[in-house]
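>>> Structure for this input, please:
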Amino acid sequence: MISPLANKKLLIGIAVLSLLSAVFLLARSRFRHTRALSGQQSIAPDFVLPGINGGAVQLSAYRGRVVLLDFWATWCEPCREETPQFVELQDKYRDQGLQILGVSMDDNAEPVREFYKQFKVNYPVVMGNARIGELYGGVLGLPIAFLIRRDGRVYVRHDGATNITTLEAEIKSALATKT
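Numbering: from 1, shown residues only. Now for the predicted structure:
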């Protein structure tokens with residue numbers, strides 16, 4: 001027969017293991033989650049945000065191009081790893097109609113400007129805020145990327161670091177679709 005104290009410890013142990021398993025599964029899904037949007041895709045919410053080098057950037061100005069809208073931050077390690085790949089994608093597909101647009105969720109622009117120079121970023125970067133995060137369904141973890149087709153509709157959302165091969169295939173598909 002198990003004593004009440006041993007029984008209580010066993011139940012606590014099971015509860016802790018269950019909680020840890022749930023946290024692990026949630027974290028794992030958050031870092032490698034892709035949602036292809038089915039049915040009628042929604043128009044990407046338009047915005048005007050300050051560029052890190054001055055001026056304002058409006059998303060709808062890129063209508064007619066395929067836009068990779070990347071929410072990121074300088075302190076985010078997966079974001080830092082993706083940036084050189086995004087620079088390559090921008091170079092490779094710019095003339096076919098790709099426009100990458102970075103939305104920095106940093107608190108101020110100075111570290112973003114330094115990052116921009118260090119990584120030789122070749123696409124516009126704007127300073128994001130909580131409101132823009134809410135418009136895009138909540139930006140609770142980084143990076144998050146949205147692929148927007150030429151007609152301005154969100155095609156796919158990637159939560160967490162994205163396999164570049166997958167992303168490139170989606171970009172090619174979107175570029176091949178004319179509106």
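>>> Give me the below-cutoff pLDDT ranges for this structure.
1, 6, 10-11, 13-40, 179 (pLDDT under 70).
>>> Contacts only, for the residue nearest in space to the middle of it.
Within the chain, the residue whose C-alpha comes closest to the C-alpha centroid is residue 144; the distance, by CA atoms, centre = their mean, is 1.5 Å. Taking CB atoms under 8 Å, 6 or more residues apart in numbering, we find residue 144 in contact with 70, 71, 136, 157, 158, 159, 160. Placement of C-beta: from N, CA and C, glycine included.
>>> likewise residue 132?
The neighbourhood of residue 132, defined by CB under 8 Å, 6+ apart, consists of 45, 47, 49, 103, 139.
>>> about what we covered before: what's the most distant pair in the contacts of residue 144?
Checked with CB to CB, the contacts of residue 144 reach their widest spread between 136 and 160, with 14.9 Å between them.
>>> on that earlier part again, taking the contacts of residue 132 one by one, which sit in strands?
Judged by DSSP state E, strands contain the following of these: 49, 103.
>>> any idea which of the contacts of residue 132 has the most stuff around it?
When the contacts of residue 132 are compared by neighbour count (other CB atoms under 10 Å), residue 103 ends up highest, at 28 neighbours.
>>> Quick check: bridge partners of that residue?
Using DSSP bridges, the bridge partners assigned to residue 103 are residue 71, residue 126.
>>> That one against residue 131, yeah?
No - using CB atoms under 8 Å, residue 103 makes no contact with residue 131, being 11.6 Å away.
>>> Report the separation between the closest residue in space to residue 142 that isn't next to it in sequence and residue 150.
Ranked by CB to CB, 6 or more residues apart in numbering and with sequence neighbours excluded, the top spatial neighbour of residue 142 is residue 76, at 4.5 Å. With distances defined as CB to CB, to the nearest Å, the gap from residue 76 to residue 150 amounts to 29 Å.
>>> Is residue 12 part of a helix or strand, or is it coil?
Reducing the assignment to helix, strand or coil with DSSP: H, G, I helix; E, B strand; the rest coil, the entry for residue 12 is helix.
>>> and it, how many neighbours does it have?
Applying other CB under 10 Å, we find 10 residues neighbouring residue 12.
>>> I'd like to know how far it sits from residue 4.
From residue 12 across to residue 4, the span is 13 Å (CB to CB).
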